[in-house]
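Asker: Give me a model of this one.
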Amino acid sequence: MALATRVGAVLLLAALLPTATARNSPRVRKYNWRVTLDVAAPDCFERPVILVNGQLSPTIELTLHNLIPEDYPSVHRGITIHWHGWKMKGIPWYDGVGSVELCPVLPGQKMTYRFQVNEMPGTYMWHGHNGADRVDGFGGPLIVRPCGTPVGSALAMPLNRPFDAARQTKDSGGWSWVSNTQALLINGRGYFPDCAIRPGGSTALPNCSLTQWWVPPGRSAVQPWASAVNPGCSHTNITVRAGKTYLLRLINAASLTYQARGTLCFSGHNVTVVAADAVPVQLFQAPNGCVDLNSGQRYDVLLKADQPLGNYWISSQVQFRNGSPSGYAILRYKGAKEALPSVPLPQPGSVAPWTPQQENKLVVMSSALLNRKDKSVPAATLSLTLNITQPLMRQTGQLRWAMNNVASQQPTPCQPLLDLVHEDPQWFERNAVPARQYNKPGFNSTALGEAESGRVDVFLSTPKRKADPPPIYPTAGTHILPLKRGEVLELVLQNLPANANNGDYRMREGASRVAQEQHPFHMHGHHFWVLGQGLGIYNAAANASSLNTRNPPLRDTATLPQNGWVVLRLQADNPGLWILHCHLFWHQYMGQLLVIAEDVEGLQKLKRPDGLPPCPDKCTYNAAPWTQTTVEKEFGKSGFQLPVGG
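Answerer: Reported below is the predicted structural model:
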């Protein structure tokens, strides 16, 4: 087993927003493990065992030093690491969600992660999961190979300003979107603009700048941003040998962009999908050589170098974000002249996204269905529908994302939720607020008004087990979904208009703000079965027969389509607190998250690891106002300033 990144073998797709500036090139660390066969008796019976560096089941030991300056503006102080796609069974603290599972590593502190790698071989990723640090590049590939086989932080603050103009002040200003992606990187290169691939191939400076040829008209208010500021920009070259077949590991590390959905294209080549989120799938020919890839998703694909000797475009196009640029790399055959491809550069918007019907064709390889004896998906014992909306909160005038009318507050109290429940299994029940108390117009949630007090209201989503319904009016708090050990949950994620479920107190429902966005939902601590997806409103009587319960894909990140639904099924077999959230960071930050409290009784049997970082003295919530006065108090007048207005 080994962990490594290889240029040409791993395509790490990243999207940079205006404030993300790379000052130093990242250093790749390779873990070289010697895999040998020996005889040992780990269970008192001698037998052949596979050893790594002479050890049985070695532990990865990683010490995280936080050397980020203390005055660096961040909506959440400190850093943590999430091992995306890994179950972390038995050690939920190391899953790495700041203030849910552990307190973050504050500036100047350090902690050591010690755990065994017990995941299936495949493609994963790691990234920060406390503040908005993954927006600034804090993440990377994480590859598990089979044994014995060769093989923005500050951008979030304006999101908390009042969306409602009537609530805005000179000090607070108004709500401001983070803007569209400004550059797409493939394997860490491709800073925008790439002077070498301008129209006509001109590389003259200083005339290398963004134009409408690069970016179609859209919502981005700040383009051109990068105009000729970095004449040393370049693109990634991937060299292949004619006649060889290559396994490419595709990872979408973007914080906002729907990077693919037919966007990552290998010009002139066929690619075959063989694994999705590390799980083998039946061979699937990607339409037009283009692979659907949402934020947080990974695909392993086979590419055969069977074209004439030459250079070919690899293009990454943004879907559902008008005004975003594309990213480019070059697939170069060994022996070909180092030159740009002779065909025109693929333009933004020239490739259509996959349809739900195409995505439903991805099915798990039968031999990989969790090695279950019956080779089938277990029947659901519980069901729950989560309605996704974008309410305007009456309490503060802020715009949030909500699941069943609850916008999650994060981080939670100054002591991590996992520790609170580990000490008191009834903590959620003792602190839960019945939603019916908030089912009246004009209610006032204490959670939004007590950012410094450490109090957060707890809302329990109960899948057809109790009569307490979700709030009728949008509220904010800690959103909890309790599951008992062994239960099988069928979860319907339903996209609704932004202002549905009383989500805009300024107007009647349906009058305005009816748009919807797609969402890549990621589940920590689990892979789940994706039974199907479609457009419109899910109706069990009409749609249940179309669900795939025989060989659905087994994933940890699934797409909820615009104006559509997706049905997931998972089994509670991993004690801990695991979050389900949209992997578009800004949606998560604005409340699109809930905590699945799984087998709390079994959690009591787990030992809390030593050496976890201490908690801060002060809690700041993701609904903090971040007015001009607040920012100047936190970071001074010379570093970060919020614009006033619009």
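Asker: excluding its backbone neighbours, what's nearest residue 106?
Answerer: Spatially, and ignoring its direct neighbours in sequence, residue 106 is nearest to residue 78 (4.5 Å; CB to CB, 6 or more residues apart in numbering). Yep, even glycine has a C-beta here, placed from its N, CA and C like the rest.
Asker: Pull the contacting residues for that neighbour.
Answerer: 66, 98, 103, 104, 105, 106, 107, 109, 130, 131, 613, 616 (CB atoms under 8 Å, 6 or more residues apart in numbering).
Asker: Buried only: go through the residues you listed for me.
Answerer: With burial judged by 16 or more other CB atoms under 10 Å, the buried subset of the contacts of residue 78 is 66, 98, 103, 104, 105, 106, 107, 130, 131, 613, 616.
Asker: Go ahead and confirm the third one touches residue 617.
Answerer: Right, the one you point to is residue 103. No. Look at residue 103 against residue 617 with CB atoms under 8 Å: they stay out of range, at 10.9 Å.
Asker: Give me the common contacts of the two.
Answerer: residue 414.
Asker: can you pull the pLDDT of residue 62?
Answerer: Looking at residue 62, its pLDDT reads 59.
Asker: cool, the one 5 residues further on as well?
Answerer: Residue 67 is assigned a pLDDT of 74 by the prediction.
Asker: tally of neighbours for it?
Answerer: 8 (other CB atoms under 10 Å).
Asker: residues in contact with the residue nearest to residue 171 when sequence neighbours are not counted?
Answerer: In space, and not counting its chain neighbours, residue 171 is closest to residue 627: 4.7 Å by CB to CB, 6+ apart. Residues counted as contacts of residue 627 (CB under 8 Å, 6+ apart) are 161, 169, 171, 172, 173, 642.
Asker: and the gap between the fourth one and residue 505?
Answerer: Residue 172 is 19 Å from residue 505, where distance means CB to CB, to the nearest Å.
Asker: Neighbour count: these two, which is higher?
Answerer: residue 172 (22 against 17).
Asker: Just give the nearest non-adjacent residue to the more buried one, would you?
Answerer: That would be residue 627: by CB to CB, 6+ apart, it lies 4.5 Å from residue 172.
Asker: If I look at that neighbour, what pLDDT would I see?
Answerer: On the pLDDT scale, residue 627 is placed at 78.
Asker: And for residue 333?
Answerer: At residue 333, pLDDT is 97.
Asker: Residue 543 now?
Answerer: Listed pLDDT for residue 543 reads 94.
Asker: related to what we said a few turns ago, from the buried ones among the contacts of residue 78, which is closest to residue 344?
Answerer: Closest to residue 344 out of these is residue 131 (40.9 Å), distances taken as CB to CB.
Asker: and that closest one, what pLDDT?
Answerer: 75.
Asker: Nearest spatial neighbour of it, chain-adjacent residues omitted?
Answerer: Going by CB to CB, 6+ apart, residue 131 has residue 76 as its nearest residue, at 3.9 Å.
Asker: ok, how many other residues are close to the one you found?
Answerer: Residue 76: 26 neighbours (other CB under 10 Å).
Asker: Please name the spatially closest residue to residue 272 (chain neighbours excluded).
Answerer: residue 302 (4.6 Å).
Asker: Any regions of the stretch 501-646 of the chain where pLDDT drops low?
Answerer: 509, 620-622, 625, 634-646 (pLDDT under 70).
Asker: which element follows the one helix or strand in the chain whose mean pLDDT sits lowest toward the C-terminus?
Answerer: The weakest-scoring helix or strand in the chain, judged by mean pLDDT, DSSP states H and E, is helix 446-449 (a mean of 42). As assigned by DSSP states H and E, the chain's next helix or strand after helix 446-449 is strand 458-460.
Asker: which residues make contact with that following strand from outside it?
Answerer: Residues contacting strand 458-460 (CB under 8 Å, 6+ apart): 406, 428-429, 431-433, 435, 468, 470-471, 475, 477-482.
Asker: now, which of those lie within strands?
Answerer: 406, 475, 477, 478, 479, 480, 481, 482 (DSSP state E).
Asker: my read: the last one touches residue 597, true?
Answerer: Yes. The pair residue 482 and residue 597 passes the contact test of CB under 8 Å, sitting 4.7 Å apart.
Asker: overlap in contacts of these two?
Answerer: Contact criterion CB under 8 Å, 6+ apart; residues shared by residue 482 and residue 597: residue 428.
Asker: neighbour count winner among these two?
Answerer: Between residue 482 and residue 597, counted using other CB under 10 Å, residue 597 has the larger neighbour count: 24 against 20.
Asker: For that one, list each beta-bridge partner.
Answerer: residue 482, residue 577 (DSSP bridges).
Asker: For it, give me its contacts.
Answerer: 421, 428, 480, 481, 482, 483, 577.
Asker: who wins for most neighbours among those residues?
Answerer: That'd be residue 577 among the contacts of residue 597, by other CB under 10 Å, with 28 neighbours.
Asker: could you point out where the stretch 51-200 of the chain is predicted with low confidence?
Answerer: Short version for the stretch 51-200 of the chain, where the test is pLDDT under 70: 51-53, 55-64, 71-75, 135-137, 146-155, 179-183, 188, 190-200.
Asker: can you give me the strands in it?
Answerer: 59-65, 81-84, 110-116, 122-128, 139-144, 183-186 (DSSP state E, counting those that start in this stretch).
Asker: Relative to residue 492, which of these is closest?
Answerer: strand 81-84 (23.9 Å).
Asker: Now for residue 533: which residues touch it?
Answerer: 356, 359, 360, 558, 559, 560, 561, 564, 565, 566, 567.
Asker: in its sheet, what does the host helix or strand of it sit against?
Answerer: Using DSSP H and E, residue 533 maps to strand 528-535. Strand 528-535 pairs in its sheet with strand 554-555 (antiparallel), strand 564-571 (antiparallel), by DSSP bridges.
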